[in-house]
Structures are given as structure tokens and as C-alpha cells.
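Student: after the sequence you'll find the predicted model.
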Amino acid sequence: MQLFLDTANLEEISEIASWGVLDGVTTNPSLVSKESGWDFKKLVKEICKIVPGPVSAECVSEDAEALLKEGRDIATWAENVVVKCPLTPAGLSACSKLAKDGIKVNVTLCFSVNQALLAARAGAYFISPFVGRLDDINQDGAALVEQIAEMYHVQGIETQVLAASIRTPMHVEKAALAGADACTMPYKVFKQLVSHPLTETGLKNFLADWKKAHPAVATQK
Ligand code: E4P
């Protein structure tokens, strides 16, 4: 499963990219709006330079024709940019035309198996089921990822399942076990994936033992 960061913050992206495990980035209008002082296009181009993998940039137009025009423009910003369209009739219409042009589309705001089927028929490259927002209304978001992955498998569909709206490391584990192709998570969750108290105390003890036995070497930086 590819690991994506769900942010438009360049510092967060650079830090996680330096670990060598960052496969891509997703942004949305809310995340981009948090980065005050940045022009949308410039910010996306900057992110695309840091991360060679897919970087999703979301259209903000509302009707099909405007979404198509905007999507075609966004697709020219960088080689690795992926155009994000909402799971609405207008979004599906734009997606199907963009896909025919060879443009990769991430269809976002997916909350059901049938919506995922429609996105696949429209030629989506990624489908983004929103796990956390379903949990928020007392539905099982992780189960939706599992059902979409199963349906795509049964139907021989190549659209990639990108688990989104991730709130906890447990969501990441469940997405991986469900067979998601990618999972996008906030910076805080990405950091939580690496930390374990036993890793921290284990390393502290190894280094303390080493310093005791090798006092001269221990002073070297
Ligand atoms: C996905 O691409 C979205 O940007 C994101 O995952 C939404 O997450 P939220 O529900 O935490 O806002």
C-alpha cells in the first residue's frame, strides 16, 4: 500500500519525504486554504517538486464544463499532478472526459460502493473513500474500503483505492489489511506510525550500554 500525506504544508511534506517512505500527497481546498500567502498553482508545483509520486490537486468549479476546463489546466502544472474531482454528476462527467485525454483523476468524497463503481466507469485513476467522516456518523468507514477493494477485484476494475479521511493509525492498518492501494493521512498520523514506546526505550538502552563499554567512541559525534 502506497503511503500519502494529506496536507498542503511544505514543511510537513519535506520532513516525511526525508524518511524515504512518502509515495504521494493529497490536498483539498480546505487544506490549501490553511497555507496563507500561497497561490494554489505555485503551491501545487512546489509540492510536485518535493514528491515525485502522485500529488492530487482539487478542482473548485461546480459545473461539468468548468470542471473539465479547470482539470485540463491543473493537469499541465506538473507531470505528477493528479486532478481531483468530486463524486457528483458534474465531477463524473469531467472525469470521464479527462480520463479520455489520458489525465489521471482522483474522484473524491466517496461514501458508498455504488459511487465507487460510477467513478471507475468514468475512468478514475483513484477513488477516495472517506473513512473518518463515515465513522463520524456512526458508520464503518474501514468496512467501506474493504467492500470497494473487493468489488473492484471481483469486477476486474483497475481504479486504485485510496483510503482517505484517515484519523488514526488503526485506520491505516485496516486500510492495508482491506487491500487498499494507497492511504492518505495527516502529518500527525504519519508520525504516529513510526513511534512505539518499546522502540524508544530499546534504543535508549542499547546506546547507554554502548557508551558505558566504549567511553572514547561514545564522545565522537
Ligand atoms: C482526501 O483526499 C481528503 O483530502 C481528506 O482525506 C479529507 O480528510 P478529512 O475528513 O479529515 O477532512
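Tutor: Perfect, thanks for sending it. Numbering: from 1, shown residues only.
Student: next one: Val105 from the ligand, what distance?
Tutor: 13 Å (CB to the nearest ligand atom, to the nearest Å). C-beta coordinates here come from the backbone N, C-alpha and C atoms, glycine included.
Student: for that residue, what are its contacts?
Tutor: 71, 82-85, 94-95, 98-99, 122-126 (CB atoms under 8 Å, 6 or more residues apart in numbering).
Student: of the residues you listed, which belong to helices?
Tutor: Per DSSP state H, helices hold the following members of the contacts of Val105: Gly71, Ala94, Cys95, Leu98, Ala99.
Student: including neighbour count and pLDDT, could those residues go into a markdown table?
Tutor: What follows is those, written out as a markdown table (neighbours: other CB atoms under 10 Å; pLDDT from 0 to 100):
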| residue | neighbour count | pLDDT |
| --- | --- | --- |
| Gly71 | 24 | 98 |
| Ala94 | 30 | 98 |
| Cys95 | 30 | 98 |
| Leu98 | 25 | 98 |
| Ala99 | 18 | 98 |
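Student: want to throw those into JSON lines with distance to the ligand?
Tutor: Written out in JSON lines, the entries for the ones in helices among the contacts of Val105 read as follows (distance: CB to the nearest ligand atom, whole Å):
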{"residue": "Gly71", "distance to the ligand": "16"}
{"residue": "Ala94", "distance to the ligand": "17"}
{"residue": "Cys95", "distance to the ligand": "15"}
{"residue": "Leu98", "distance to the ligand": "17"}
{"residue": "Ala99", "distance to the ligand": "18"}
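Student: quick check: bridge partners of the residue lying closest to Pro54 once chain neighbours are set aside?
Tutor: Nearest residue to Pro54 in three dimensions, chain neighbours excluded: Gly24, at 4.1 Å (CB to CB, 6 or more residues apart in numbering). Under DSSP bridges, the beta-bridge partners of Gly24 are Phe4.
Student: got a pLDDT number for the residue sitting nearest the centre point of the chain?
Tutor: By CA atoms, centre = their mean, the mean C-alpha position of the chain lies nearest to Thr184, the distance being 2.9 Å. What the model reports as pLDDT for Thr184 is 98.
Student: what sits against the closest residue to Ile148 other than its chain neighbours?
Tutor: Computed as CB to CB, 6+ apart, the closest residue to Ile148 that is not its neighbour in sequence is Ala116, at 4.4 Å. Contacts for Ala116 (CB under 8 Å, 6+ apart) come out as Cys110, Ile127, Pro129, Ile148, Met151, Tyr152, Thr159, Val161.
Student: of the residues you listed - the most surrounded one?
Tutor: The most neighbours of any of those, using other CB atoms under 10 Å, belong to Pro129, which has 33 neighbours.
Student: in a strand, it, correct?
Tutor: Yes - inclusion of Pro129 in a strand is indicated when DSSP: H, G, I helix; E, B strand; the rest coil is applied.
Student: who's in contact with it?
Tutor: Cys110, Phe111, Ala116, Gly141, Leu144, Val145, Ile148, Val161, Leu162, Ala163, Ala164.
Student: one more time with 6 Å
Tutor: By CB atoms under 6 Å, 6 or more residues apart in numbering, the residues touching Pro129 are Cys110, Leu144, Val145, Ile148.
Student: what residues are up against Met151?
Tutor: Taking CB under 6 Å, 6+ apart, we find Met151 in contact with Val113.
Student: actually, Ile74.
Tutor: Residues in contact with Ile74, defined by CB under 6 Å, 6+ apart, are Ala57, Val83.
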